[in-house]
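*Asks:* Kindly return the folded structure for what I paste below:
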Amino acid sequence: MVPSMSFEKPKIRLCVDQPLSEEQEVALSREQAHYLFGVMRLEPGARVALFNGRDGEWAAEVAEAGKRGGTLVCRDRLAAQGTPPDLWLMFAPVKKARTDFIVEKAVELGARRILPVQTEFTNSERLRVDKQQAHAVEAAEQCGATFVPEVAEMTRLDRLLADWDDSRQILFCDETAAGAPTALDGLSPGPWAVLIGPEGGFSDRERARLAQMDCARAVSLGPRILRAETAAVAALALWQAHLGDWT
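*Replies:* Predicted structure coming up:
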């Protein structure tokens, strides 16, 4: 369906877990109703952009507004469903605010899956996956994405690599390579994963394990050693510029 040109695209976007189609009614949760009607002060007739990760983006009209709930009705399809490249981000969680930042930027930069990993030098042993998934949803709402990547449960890096499918290549961001030229020429397309280490870096054992993997490609991220959250942004941006949807 061609988007209606008689309305401006709504500025407020909301991710829902319900089917979206023309004239489809969407019931709001109490939290969503509070945000739309209590915080944003929307009234019946106002329009909101909806997406669910499957059916594209839709302009929906507020049909019922209440303190504990409400109903929206889909009117116009604004965009087809988009899917980012087959790129995973594997990273060692750091301090809470910095981990939140990594998840947020991974969504903005088009990661399809986010995998927290526990390395030998990982300082953070606990991670609230539900909280990080909520951050991913919020980031998608803010950046205009129609896809929300899964935030997986934290897994030990050695176990993850032991069962690794070699058809997925790994861009191994090795802090010991700082200062070497950042050369990504010659990388072949296909499924990829970016691997970022913890604040203490990778252990010698982890580095040796990755060096033995034909699918792993060590890369420098410039002349300076980057913090984990900066490295994640830099590596995702480099990959997207060479092999992703920035090209």
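
*Asks:* Next, name the residue at the spatial heart of the protein.
*Replies:* Val107 (2.5 Å; Cα atoms, centre = their mean).

*Asks:* On the three-state scheme, Asp185 is what?
*Replies:* coil (DSSP: H, G, I helix; E, B strand; the rest coil).

*Asks:* can you count the residues close to it?
*Replies:* 5 (other Cβ atoms under 10 Å). Quick note: C-beta positions are derived from backbone N, CA and C, even for glycine.

*Asks:* same deal with Leu50?
*Replies:* With other Cβ under 10 Å as criterion, Leu50 counts 25.

*Asks:* Which element, helix or strand, includes it?
*Replies:* strand 47-51 (DSSP states H and E).

*Asks:* In terms of secondary structure, what does that strand contact?
*Replies:* strand 13-15, strand 57-65, strand 70-79 (3 or more Cβ pairs under 8 Å, 6 or more residues apart in numbering; DSSP states H and E).

*Asks:* Going by neighbour count, which residues of the second one are buried?
*Replies:* Spelled out, it's strand 57-65. Neighbour counts over strand 57-65 (16 or more other Cβ atoms under 10 Å) mark 57-62, 65 as buried.

*Asks:* Make TSV from the residues you listed and add distance to Met213 and pLDDT to it.
*Replies:* Below are these laid out as TSV (distance: Cβ to Cβ, whole Å; pLDDT from 0 to 100):
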residue	distance to Met213	pLDDT
Glu57	39	97
Trp58	43	97
Ala59	47	97
Ala60	47	97
Glu61	52	97
Val62	52	97
Ala65	55	93
